[in-house]
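Chemist: Below are the sequence and a predicted model for it; my questions follow.
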Amino acid sequence: MIRVTFTKVIDGRVRTFEADGREGESFAGREFMQQFGFASFPKDGATGVIVYNGNFIIAIASDDSSCRPELQEGETVVYDANGNTVHLTADGITAVSPKKITAQAPDIELTGKVKITGSLEVTEDITAAQVSDSEGSMEEIRTKHNLHIHDDSTSAPTTPPLEPM
């Protein structure tokens, strides 16, 4: 095994790399193998480990400590050089992005309480078993609306709304 510094990673069907190893060693056009389901594209200057057997040389790991978030014992984090992280901690999972997080699926199901700090924009229908605000549930608000009256210009009460909410 040799510790290397990547000078270039070339993306393609087979990802390859160029790197510098020990004094006077350089490698080019060699395969950069990664675990199934996980892929990264290290920046130039990232370090790595290559294994070799004769002329068979392959990169099996990469690291860039300048981007790596701090971890506590037992934690795991997926991160990139842009500040995006998915951090698995003893307290739960935290996903952070300096720009945005996009989830795409025909259906997304969240179980448990969901708290949104900030505004919520919905572009399609909302269906809910109960909707409440500081004035009460929708059912309570409807009842208040359907029974409310006003005083007319002679201070006589009006009838409740003709069309209930």
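Modeler: Cool, the structure landed.
Chemist: now Glu31, nearest residue through space, not along the chain?
Modeler: In space, Glu31 comes closest to Ile58 once its chain neighbours are excluded; the distance is 5.0 Å by C-beta to C-beta, 6 or more residues apart in numbering. To be clear about C-beta, it is placed using only N, CA and C from the backbone, and glycine gets the same treatment.
Chemist: average pLDDT for stretch 147-157?
Modeler: For stretch 147-157, mean pLDDT rounds to 79.
Chemist: quick one: terminal-to-terminal distance for stretch 102-116?
Modeler: When the termini of stretch 102-116 are compared using C-alpha to C-alpha, to the nearest Å, they are 15 Å apart.
Chemist: Pairing partners for the residue nearest to Glu31 in the sheet, please.
Modeler: Note on Ile58: beta-bridge partners by DSSP bridges are Glu31, Val51.
Chemist: Who are the contact partners of it?
Modeler: By C-beta atoms under 8 Å, 6 or more residues apart in numbering, the contact set of Ile58 is 30-33, 50-52.
Chemist: As JSON lines, those with distance to Asp20 and neighbour count would be great.
Modeler: Formatted as JSON lines, the contacts of Ile58 follow (distance: C-beta to C-beta, whole Å; neighbours: other C-beta atoms under 10 Å):
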{"residue": "Arg30", "distance to Asp20": "12", "neighbour count": "18"}
{"residue": "Glu31", "distance to Asp20": "17", "neighbour count": "14"}
{"residue": "Phe32", "distance to Asp20": "15", "neighbour count": "24"}
{"residue": "Met33", "distance to Asp20": "19", "neighbour count": "13"}
{"residue": "Ile50", "distance to Asp20": "11", "neighbour count": "23"}
{"residue": "Val51", "distance to Asp20": "17", "neighbour count": "13"}
{"residue": "Tyr52", "distance to Asp20": "15", "neighbour count": "13"}
